[in-house]
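Asker: Predicted model and sequence below, questions to follow.
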Amino acid sequence: MEHRHRTSDQEHVLAGVTVRGDDIESDKAIRAIARLFRGMSLLMILLMIVQVIAAATSTVQLSIGVVVANAVRLIIFAGLLWASGDLAVFAVKSHYDLRATRILMARVEHAIKTRLGEP
């Protein structure tokens, strides 16, 4: 679920808190990196499938243990790449919540100071 959206031309909402446009950072680069990691993961799975097919149809006998070990290694690396992409998206979403909390706490602090008459 996306936590960042606009409510009007000038208002932005970040994790349920209305914020200024200057308080929002672009996350396009991190999301692009996440898509890159996931794409590389899919390519590794495709490479594993091609490698197994090539080993099965090869005229030179390959050891089944070597083919299985390579397939398992590629699957593990693909899973790690996919998880890296998920962690990048998670970092962005948790950053939204932290930023909204900081903004909300600054507003509460300002409201308390205003009520107490402090500058």
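Answerer: Yep, that arrived. Bear in mind the structure is a predicted one, so any value in this text is a computation, not a measurement.
Asker: Which helix in the protein has the most residues?
Answerer: Counting residues, the longest helix found in the chain (DSSP state H) is helix 64-116.
Asker: host element of T18?
Answerer: Assigned by DSSP states H and E, T18 belongs to strand 17-19.
Asker: C-terminal to that strand, which secondary structure element comes first?
Answerer: Following strand 17-19 toward the C-terminus (DSSP H and E): helix 28-57.
Asker: If you count neighbours, what's buried in that following helix?
Answerer: Across helix 28-57, burial judged by 16 or more other CB atoms under 10 Å covers I30, A34, F37, R38, S41, M44, I45, M48, A55. For every residue, glycine as well, the C-beta is placed using N, CA and C.
Asker: And those, which is closest to N70?
Answerer: For those, the residue nearest N70 by CB to CB is M48; the value is 7.5 Å.
Asker: any idea how far S84 is from that closest one?
Answerer: 18 Å (CB to CB, to the nearest Å).
Asker: okay, now G79: neighbour count?
Answerer: G79 is flanked by 13 other residues according to other CB atoms under 10 Å.
Asker: contacting residues for it?
Answerer: Going by CB atoms under 8 Å, 6 or more residues apart in numbering, G79 touches S41.
Asker: Could you measure from it over to A91?
Answerer: 19 Å.
Asker: go on, T18?
Answerer: As for T18, its distance to A91 is 23 Å (criterion: CB to CB).
Asker: which one of the two has more residues nearby?
Answerer: More crowded of T18 and A91, by other CB under 10 Å: T18, with 15 against 12.
Asker: Go ahead and confirm the more buried one touches H12.
Answerer: Yes: if you go by CB atoms under 8 Å, T18 and H12 touch, sitting 7.1 Å apart.
Asker: tell me which residues in stretch 57-67 are buried?
Answerer: Buried, per 16+ other CB under 10 Å, within stretch 57-67: V67.
Asker: Span of it from start to end?
Answerer: End-to-end distance for stretch 57-67, by CA to CA, to the nearest Å: 12 Å.
Asker: Run the chain-centre distance for that stretch.
Answerer: Stretch 57-67 has its C-alpha centroid displaced from the chain centroid by 38 Å (CA atoms, centre = their mean, to the nearest Å).
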